[in-house]
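Colleague: give me the fold of what follows.
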Amino acid sequence: MDERDAYAEYRPLLFSIAYRMIGSVSEAEDIVQETFLRFHRADTEQVESPKAYLSAITTRLAIDHLRSARVRRETYVGPWLPEPLVTDDSDALGADPARHAETADSLSLAFLVLLERLSPVERAVFLLREVFGYGYGEIADVVAKREDNVRQIAARARHHVEDGRPRFEADRGHREELARRFLAAVEEGDTDGLVGMLAADVTMYGDGGGKAPALGQPVAGAVRVARFLVGLVRQAKRANLRLVPAEVNGQPGMIAYDQAGGLISVLSLDIADGLVQTVHSIVNPDKLRHLGPISDWSWQQDPGGAEPG
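Modeller: Next up is the predicted model:
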């Protein structure tokens, strides 16, 4: 296969694997670039399956990256969330747009955080098997282990994931309608209306990474989360900020911009049973740069105005 054809056909799949493995857009792109550099250097006439060959390189590079990044993750300031993706195309979802609904849940911020429980090899085995449908024999070649060992790893990883796997609203229309009403209630400062849309045990997580003011600890409970959100938007209105609906990592969300179009934060909602179960807010500027220019404004210039109470 011609290298340009391979790039066009397999880049979305490779990025999809790399991003789910490491949770970073820029680093996933670097891994995909390195994969194709190695493909360029290889004797491609000896490559029977470009897809298998490229997938194997991408996965191995991602495993190596996770092992080297472990110390950084352990010393991260505050809750760690992946870099958000505005999923207005199929790139992160994989090469087949028809699988959008099936793969969107595995792209969610909550699911990617859950994968942090797994070792790098467990994560690779789980994703290749459960999300991308690779056979055990193919995966064994990728991770350089016996097939029976790969089956054991897959079963162990599946057990860890199923114990905490987030649930999502199956009907995309219902999700989008609730997200629309949620955004309207937030902008109107309707605390009671918000409480009615939040699960009783809803939790809000914020990722500032020590680079921007953010929640030091998660906020839990419908009333506390509703008050906190209303306080944030009260500040936003004083500064004439814009909240724009968006699909974030396959789930409903919104992006906050300043008057000049600079990015301030990205927020994602996990919805199930007709209620918002989890809210993820990312304000770490290093995790937003791939989406556009960053604002120097902060959601919490006046932290007292957004206390969860």
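Colleague: which residues touch the residue nearest to the spatial centre of the chain?
Modeller: In the chain, the C-alpha nearest the mean C-alpha coordinate belongs to Leu109, at 3.6 Å (Cα atoms, centre = their mean). By Cβ atoms under 8 Å, 6 or more residues apart in numbering, the contact set of Leu109 is 81-82, 84, 248-249, 251, 268, 270, 280. Heads up, the C-betas are built off the backbone N, CA and C, glycines and all.
Colleague: mind putting these into JSON lines with distance to Glu74 and pLDDT?
Modeller: Output for those, formatted as JSON lines (distance: Cβ to Cβ, whole Å; pLDDT from 0 to 100):
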{"residue": "Leu81", "distance to Glu74": "15", "pLDDT": "95"}
{"residue": "Pro82", "distance to Glu74": "16", "pLDDT": "95"}
{"residue": "Pro84", "distance to Glu74": "22", "pLDDT": "96"}
{"residue": "Val248", "distance to Glu74": "26", "pLDDT": "95"}
{"residue": "Asn249", "distance to Glu74": "23", "pLDDT": "94"}
{"residue": "Gln251", "distance to Glu74": "27", "pLDDT": "93"}
{"residue": "Ser268", "distance to Glu74": "24", "pLDDT": "96"}
{"residue": "Asp270", "distance to Glu74": "25", "pLDDT": "95"}
{"residue": "His280", "distance to Glu74": "20", "pLDDT": "96"}
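Colleague: out of the residues you listed, who has the most neighbours?
Modeller: Each of those was scored for neighbours by other Cβ atoms under 10 Å, and Asn249 scores highest at 29 neighbours.
Colleague: separation between it and Val125?
Modeller: 22 Å (Cβ to Cβ, to the nearest Å).
Colleague: centre of the chain to the longest helix seen in the chain, how far?
Modeller: Criterion DSSP state H: the longest helix present in the chain is helix 50-74. Relative to its parent chain, helix 50-74 has a centroid offset of 17 Å by Cα atoms, centre = their mean, to the nearest Å.
Colleague: what comes into contact with that helix?
Modeller: Looking at what lies outside helix 50-74 - Cβ under 8 Å, 6+ apart - the contacts are 1, 6, 10, 13-14, 17-18, 21-22, 27-28, 31-32, 34-36, 38-39, 42, 44, 47, 80, 116, 120-121, 123-124, 128, 132, 134, 138, 141-143.
Colleague: just the buried residues out of these, in ChimeraX syntax.
Modeller: The following ChimeraX line selects those of those that are buried, judged by 16 or more other Cβ atoms under 10 Å:
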select :6,10,13,14,17,18,21,22,27,28,31,32,35,36,39,80,120,121,123,124,128,132,134,138,141,142,143
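Colleague: neighbours of Arg117, how many?
Modeller: With other Cβ under 10 Å as criterion, Arg117 counts 13.
Colleague: surely it touches Glu162?
Modeller: No: applying Cβ atoms under 8 Å, one finds Arg117 not in contact with Glu162, separated by 11.2 Å.
Colleague: the residue nearest to Val32 when sequence neighbours are not counted is in what secondary structure piece?
Modeller: Nearest non-adjacent residue to Val32, counting by Cβ to Cβ, 6 or more residues apart in numbering: Leu14, 4.8 Å away. Counting by DSSP states H and E, the element that carries Leu14 is helix 3-22.
Colleague: could you point out which element follows that helix?
Modeller: helix 25-41.
Colleague: okay, now the unreliable bits of the chain?
Modeller: 1, 44, 71, 88-103, 298-309 (pLDDT under 70).
Colleague: ranges for the helices of it?
Modeller: Using DSSP H, the helices found in the chain span residues 3-22, 25-41, 50-74, 100-104, 109-114, 120-126, 136-143, 147-164, 172-188, 191-197, 222-238.
Colleague: list the buried residues in the third one.
Modeller: Read it as helix 50-74. Within helix 50-74, the residues that count as buried by 16+ other Cβ under 10 Å are 50-51, 53-63, 65-66.
Colleague: ranges for the strands of the stretch 201-309 of the chain?
Modeller: Remark: strands assigned in the stretch 201-309 of the chain by DSSP state E, counting those that start in this stretch are 219-220, 242-248, 251-257, 263-272, 275-282.
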